[in-house]
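Student: sequence and predicted structure are below.
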Amino acid sequence: MDKLLITGGNQLNGEVTISGAKNAALPIITATLLADTPFYLSNVPRLQDITTMMKLLEGMGVTFEVDDNFNIQANSSNVNSFNAPYDLVKTMRASILVLGPLLARFGEAHVSLPGGCAIGLRPVNLHIQGLEAMGAEINVEAGYISAKAKRLKATNLCMDIVTVTGTENLMMAATLAEGVTVLENAAREPEVVDLARFLNRMGARIEGAGTTTIRIEGVEKLYGARHQVIPDRIETGTYLIAAAMTGGRVKVKNTDPNLLDAVLLKLLEAGTTITRGDDWIEIDMQGRRLRAVDIHTAPYPAFPTDMQAQLTAMNSIAEGVGMLSETIFENRFMHVSELQRMGANIRLEGNTAIIKGVKALQGAPVMATDLRASAGLVLAALVAEGNTLIDRIYHLDRGYEKMDEKLSQLGAEIRRVS
Ligand code: EPU
């Protein structure tokens, strides 16, 4: 199993290119189940989760052609299975995103219920309730969601909790339903908006994506389309923080600065200098020490939970005390005990981490527990004294394309070891 060996202390400087957004590409790939003519997708990140999603769809009869730049041609004209088996779903919860498209186009789906996850229970009750409200007959038996419907019917739904993949699943299901579906309290994440843009290119009639009310007028048929996935805002934020923590100056390219206002505001508050263009952001720390900031995670456009671990690492070496409240997932503090092993001064009280910045962290062997927790550990390792060996980095490979290479190009001393 690969590990990362990082020797801390190098300032990061230079340019880094951002990949396509994992959490936009995943639902977009599942949306190719909705039509029987070819699709062309570009700016898809080369990640383990993307490969897993393609494997899941291949098992259903979808064919993929991938070129050297990871542009993907998908064809769903020969789908002959509506099954998402446990072995794949257990490795990637986003597999649940096949439920809406399968049910909408084929009237049938058997999808393994995703189990719990390192960061929280993460139930999918709202996905199921929404599809039931659209007329699907759903049974949960032997760990599987078995769903059937002749043709889904439009409905008005107000979701109890803002859910990203829940909104995406129901939006995809509604594209082929009879009538006009209205989703209230919908997630406003840029990845939801990108999916809606893609679906509209396929012939769907979706309005309001990016607001709390999405209106979907069902159509009889959808068609293949071309689409370029949006840049990854979480990867962008992670490199900005890496640069800031090491006191360096880094230009992050191929990104969309408009997608991470809340993160940029916090970085400004922490004392960084930020300049931005249409598709780049430059951060300059001029060797200064960061100031600790308070964070409260919440659905978009507020501060993203997917940046919480990275901010915990940042506050660990900043000047002052930062309070960090996690309101989305009940167990997303697994990185805290590892950071403490590196000398961080963090106290956990319920869903809040109180972080008193220390002058220096020390390298240590640590264990990655989930994707963003791993990113937090990498950031801490970049500034720690001595060597940090990060175990279980398969979590990192699920969501960060070539992170070791990108950091190395910026001047980090980082090596993948077996
Ligand atoms: N929830 C329910 N019932 C549901 C659905 C969600 O109670 O039916 C709860 C969850 O347990 C959680 C909250 O609602 O407490 C929000 O969860 P959400 O459904 O929005 O999360 P998700 O759709 O499963 C996506 C991202 C996550 C990201 C969250 C929050 C994808 C594939 N995953 O998950 O990304 O943290 O939204 O923004 O889009 C990551 O990339 O590392 C990652 C975990």
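Tutor: Done, it's in.

Student: can I assume Ser337 sits in a strand?
Tutor: No. According to DSSP: H, G, I helix; E, B strand; the rest coil, the state of Ser337 is helix, so it is not within a strand.

Student: let me know the pLDDT of it.
Tutor: pLDDT recorded at Ser337 is 95.

Student: can you list the low-confidence ranges for this protein?
Tutor: Within the chain, the segments meeting pLDDT under 70 span 115-116.

Student: would you mind naming what in it lies close to the ligand?
Tutor: Within the chain, the residues that sit near the ligand (C-beta under 6 Å from any ligand atom) are 23, 26, 93-94, 120-127, 161, 163-166, 191, 305-306, 328-329, 371-372, 399. All C-beta atoms are positioned from the backbone trio N, CA, C, and that covers glycine.

Student: from the residues you listed, which ones fall inside helices?
Tutor: Asn23, Leu26, Asn125, Leu126, His127, Val164, Thr165, Gly166, Glu191, Leu371, Arg372, Gly399 (DSSP state H).

Student: any idea how far the ligand is from Gly211?
Tutor: One thing to correct before we go on: residue 211 is Thr, not Gly. Distance, Thr211 to the ligand, by C-beta to the nearest ligand atom, to the nearest Å: 16 Å.

Student: what's across from that residue in the sheet?
Tutor: Thr211 forms beta bridges with Ala209, as assigned by DSSP bridges.

Student: distance of the residue nearest to Met367 when sequence neighbours are not counted from Leu4?
Tutor: Of all residues not flanking Met367 in the chain, Asp391 sits nearest, at 4.9 Å (C-beta to C-beta, 6 or more residues apart in numbering). Applying C-beta to C-beta, to the nearest Å, the value for Asp391 to Leu4 is 9 Å.

Student: neighbour-wise, which of the two wins?
Tutor: Leu4 (24 against 16; other C-beta atoms under 10 Å).

Student: quick one on the thing from earlier: and the residue nearest to Met367, what does it touch?
Tutor: By C-beta atoms under 8 Å, 6 or more residues apart in numbering, the contact set of Asp391 is Met1, Lys3, Pro365, Val366, Met367, Ala368.

Student: same check on Gly411?
Tutor: Asn10, Gln11, Leu12, Asn13, Gly14, Gly248.

Student: if you set the cut-off to 7 Å instead, what comes out?
Tutor: By C-beta atoms under 7 Å, 6 or more residues apart in numbering, the contact list for Gly411 reads Asn10, Gln11, Leu12, Asn13, Gly14.

Student: what pairs with the last one across the strands?
Tutor: Under the criterion DSSP bridges, Gly14 forms beta bridges with Val250.

Student: quick one: neighbours of the closest residue to Ala344 other than its chain neighbours, just the number.
Tutor: Using C-beta to C-beta, 6+ apart and skipping residues adjacent in sequence, the residue nearest Ala344 is Ser316, 4.0 Å away. Number of residues near Ser316 (other C-beta under 10 Å) recorded here: 29.

Student: do the one 10 residues further on as well
Tutor: A count of nearby residues for Glu326, using other C-beta under 10 Å, gives 24.

Student: does it touch Ala309 like I think?
Tutor: No. Assessed by C-beta atoms under 7 Å, Glu326 is found out of contact with Ala309, at 9.5 Å.

Student: just to revisit the earlier point, most neighbours, which of the contacts of Gly411?
Tutor: Neighbour max across those (other C-beta under 10 Å) = Leu12, 24 neighbours.

Student: need the contact list for Val140.
Tutor: Applying C-beta under 7 Å, 6+ apart, the residues near Val140 are Leu113.

Student: any idea what it is bridged to?
Tutor: Here Val140, judged by DSSP bridges, has bridge partners Ile145.

Student: and if you look at Ile72?
Tutor: Assessed by DSSP bridges, Ile72 has beta-bridge partners Leu41, Val66.
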